[in-house]
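build me a model from this:
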Amino acid sequence: MLAGPTAVGKGTVVAEVRRHHPQVWVSVSVTTRPPRPGERHAEHYLFVTGAEFDRMIAADELLEWAVVHGTHRYGTPRRPVERVLADGGRALLEIDLQGARQVRTAMPDACFVFLAPPSWEELVRRLVGRGTESAEERERRLATARAEMAAEAEFDVTIVNAEVRQAADDLVALWG
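Okay, here's the model as predicted:
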């Protein structure tokens, strides 16, 4: 399970794991937010309506879910994760702090990895450099990131994302 503050590069590190470590199954999260440029349904996220997300919650189809940055909902579909684990596979979940806390309750034996930026200034640079959020959204995300950074001690392992390939390799090495 991989979590960390907004713009730390979770998606980039996970994409690197997908490219170079195909033995690791990566969960595809569901979200109510619209796709960003270049994102594809079922590859980057499962993009659903609010009504469909509500249905999934009611049917207990999500291992975890949360409202992120006060706007959109994200969650992890339960059945695919359980299927991979039951088959003895390796599952990687890319989730936020709220979701990590829910998974900790549901799966206390999982390995919880915090992806940290090399510095706060680098995190801000990455967020601004994406150019995908308005100034108001960036401020909201930075406020959330401060709280997320403060929760690092809740995790089993911290990996600093100074270089993407190294962070991905360090993550996969945790499985031994």
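
now do the buried residues in the longest helix along the chain.
Longest helix in the chain, counting residues (DSSP state H): helix 135-150. For helix 135-150, burial by neighbour count (16 or more other C-beta atoms under 10 Å) applies to Arg138, Arg140, Arg141, Leu142, Thr144, Ala145, Glu148, Met149. Glycine gets a C-beta too; all of them are placed from N, C-alpha and C.

now flag whichever of those is closest to Leu123.
Using C-beta to C-beta, Ala145 is the member of the buried residues of helix 135-150 that sits closest to Leu123, with 6.3 Å.

excluding its backbone neighbours, what's nearest the closest one?
With C-beta to C-beta, 6 or more residues apart in numbering as the measure, Pro5 is the residue that lies nearest to Ala145, at 3.8 Å, once sequence neighbours are left out.

that neighbour contacts Thr144, correct?
Yes - under the criterion of C-beta atoms under 8 Å, Pro5 lies in contact with Thr144, with a separation of 7.4 Å.

so how far is Ile159 from the residue nearest to Ala145?
Distance check for Pro5 against Ile159: by C-beta to C-beta, to the nearest Å, it reads 13 Å.

before we move on, what about Asp87?
26 Å.

quick one: which of the two has more around it?
Taking other C-beta atoms under 10 Å, Asp87 and Ile159 do not tie; Ile159 has more neighbours (22 against 9).

now the more buried one: closest residue in space, sequence neighbours ignored.
Distances taken as C-beta to C-beta, 6+ apart put Asp170 closest to Ile159, at 4.9 Å, once the chain neighbours are dropped.

report the rounded mean pLDDT for the helix or strand in which Gln166 is found.
Element membership of Gln166, judged by DSSP states H and E, is helix 164-173. Averaging the model's pLDDT scores along helix 164-173 yields 97.

cool, stretch 40-58 as well?
Within the predicted structure, the mean pLDDT of stretch 40-58 is 96.

just the CA trace of that stretch, in CSV.
As requested, C-alpha coordinates have been extracted for stretch 40-58 and formatted as CSV (Å, rounded to 0.1, in the frame of the first residue of the first chain):
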residue,chain,number,x,y,z
ARG,A,40,-7.9,6.8,-19.7
HIS,A,41,-10.7,4.9,-18.1
ALA,A,42,-9.7,1.6,-16.5
GLU,A,43,-6.0,2.3,-17.0
HIS,A,44,-5.5,5.3,-14.8
TYR,A,45,-8.8,5.3,-12.9
LEU,A,46,-12.3,4.0,-13.1
PHE,A,47,-14.1,7.2,-13.7
VAL,A,48,-17.7,6.9,-12.4
THR,A,49,-20.6,9.2,-11.6
GLY,A,50,-21.5,10.1,-8.0
ALA,A,51,-24.6,7.8,-8.2
GLU,A,52,-22.4,4.8,-9.3
PHE,A,53,-19.9,5.6,-6.4
ASP,A,54,-22.9,5.6,-4.0
ARG,A,55,-24.1,2.3,-5.3
MET,A,56,-20.6,0.8,-4.8
ILE,A,57,-20.5,2.0,-1.2
ALA,A,58,-23.9,0.6,-0.5
